[in-house]
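Asker: Return a 3D structure for these sequence lines:
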Amino acid sequence: MQIGVINTLKNGGECFDHVAQFGLNVCQLQSWDVDLASPDIADAVVKSSSAADVGICGFWGGYPGPSNFNFREGPVTLGLVPQEFRAQRVEALKKWADFASRIGAPALITHCGFIPENMTDPEFDPVVEAIAEVASYCRERHIEFWFETGQETPVVLLRTIERIGTGNLGINLDPANLLMYGKGNPIDSLDVFGEYVRNIHVKDGLCPTDGDNLGEEVQVGQGKVRFPKFLQSLRNIGFDGELVIEREISGEKKVEDIRQTVQNLRKWLDDLK
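Answerer: All right, here's what the predicted structure looks like:
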């Protein structure tokens with residue numbers, strides 16, 4: 001397993017100093033700004049990442065329109081679930097697929113939203129069809145499409161992957177999100193969809209303590225993920241992908257926390273059987 005970090009696309013593609021400062025040479029590149037999905041910026045990314053000796057293990061693409069990561073507005077604003085934004089977002093993700101392919105990333109990653117739990121919900125099939133359209137577009141460009149976990153339970157995500165069936169689907173498993181959204185236990189989730197896990201967001205969190213608010217994100221090692229056991233469980237299923245550190249705060253504390261997480265991950269990985 002290789003340690004990496006989330007890296008935001010900026011400076012016209014010259015943005016890999018963020019990765020190098022931690023002594024790492026792999027990242028997951030991300031952006032919400034579809035205007036940056038241009039061939040010129042993609043070429044700059046290739047040149048800059050090569051100069052910095054940083055590999056890109058996936059591209060996380062956002063989409064236009066509101067995106068509220070909470071229980072109240074989230075179901076009607078996130079991903080490809082809201083009808084109002086679905087077509088526009090499918091096209092945005094296709095642009096990111098072109099971008100991901102051009103920079104040599106193995107996959108496009110995103111949040112697909114609160115996919116309906118009930119497979120007989122009249123919106124379930126249209127959402128699946130929209131995701132399938134993006135996944136098929138990715139397959140034509142010889143890349144995969146990966147779901148970042150968060151708004152759906154493990155079994156709903158597995159069901160969706162099985163329904164789409166394009167053969168290029170995977171999971172960017174964010175264990176903290178499963179806990180923070182109250183959707184599942186990260187270790188147990190591997191029994192459901194472990195074969196599809198391609199890389200990991202190293203993020204920690206707590207469960208919700210009321211019915212209206214997400215659980216809290218915390219420094220890795222201080223939440224409910226139980227990283228040493230989680231890493232051992234990943235090893236047990238044969239996972240050997242990237243461990244991509246994500247800390248959703250800002251400022252010097254973010255840098256300090258990432259540095260500490262790098263140290264902890266190296267120790268936990270050394271301790272694996």
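
Asker: Helix or strand: which one has R102?
Answerer: Assigned by DSSP states H and E, R102 belongs to helix 83-103.

Asker: Show residues contacting that helix.
Answerer: The contact list for helix 83-103 (Cβ atoms under 8 Å, 6 or more residues apart in numbering) reads 29, 31, 34, 36-39, 41-43, 45-46, 49, 56, 58-59, 61-65, 77, 79-80, 107-108, 110, 123, 126-127, 130, 133-134, 137-138, 141-143, 145. Backbone N, C-alpha and C define where each C-beta goes, glycine included.

Asker: Please pick the buried ones from those.
Answerer: Taking 16 or more other Cβ atoms under 10 Å as the criterion, what is buried in the contacts of helix 83-103 is 29, 31, 34, 36-38, 41-42, 45, 49, 56, 58-59, 61-63, 77, 79-80, 107-108, 110, 127, 130, 133-134, 137-138, 143, 145.

Asker: Buried residues, stretch 107-121. List them.
Answerer: Going by 16+ other Cβ under 10 Å, stretch 107-121 has these buried residues: 107-116.

Asker: can you list those in JSON lines and add secondary structure, pLDDT and distance to K183?
Answerer: Converted to JSON lines, the buried residues of stretch 107-121 look like this (DSSP: H, G, I helix; E, B strand; the rest coil; pLDDT from 0 to 100; distance: Cβ to Cβ, whole Å):
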{"residue": "A107", "secondary structure": "strand", "pLDDT": "98", "distance to K183": "22"}
{"residue": "L108", "secondary structure": "strand", "pLDDT": "98", "distance to K183": "22"}
{"residue": "I109", "secondary structure": "strand", "pLDDT": "98", "distance to K183": "18"}
{"residue": "T110", "secondary structure": "strand", "pLDDT": "98", "distance to K183": "17"}
{"residue": "H111", "secondary structure": "coil", "pLDDT": "97", "distance to K183": "12"}
{"residue": "C112", "secondary structure": "coil", "pLDDT": "98", "distance to K183": "13"}
{"residue": "G113", "secondary structure": "coil", "pLDDT": "97", "distance to K183": "13"}
{"residue": "F114", "secondary structure": "coil", "pLDDT": "97", "distance to K183": "10"}
{"residue": "I115", "secondary structure": "coil", "pLDDT": "97", "distance to K183": "11"}
{"residue": "P116", "secondary structure": "coil", "pLDDT": "97", "distance to K183": "14"}
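
Asker: Show me which of these is closest to E73.
Answerer: Distance to E73, by Cβ to Cβ, is smallest for F114 among these, at 10.6 Å.

Asker: correct me, but the closest one touches L80?
Answerer: No. If you go by Cβ atoms under 8 Å, F114 and L80 don't touch, sitting 10.4 Å apart.
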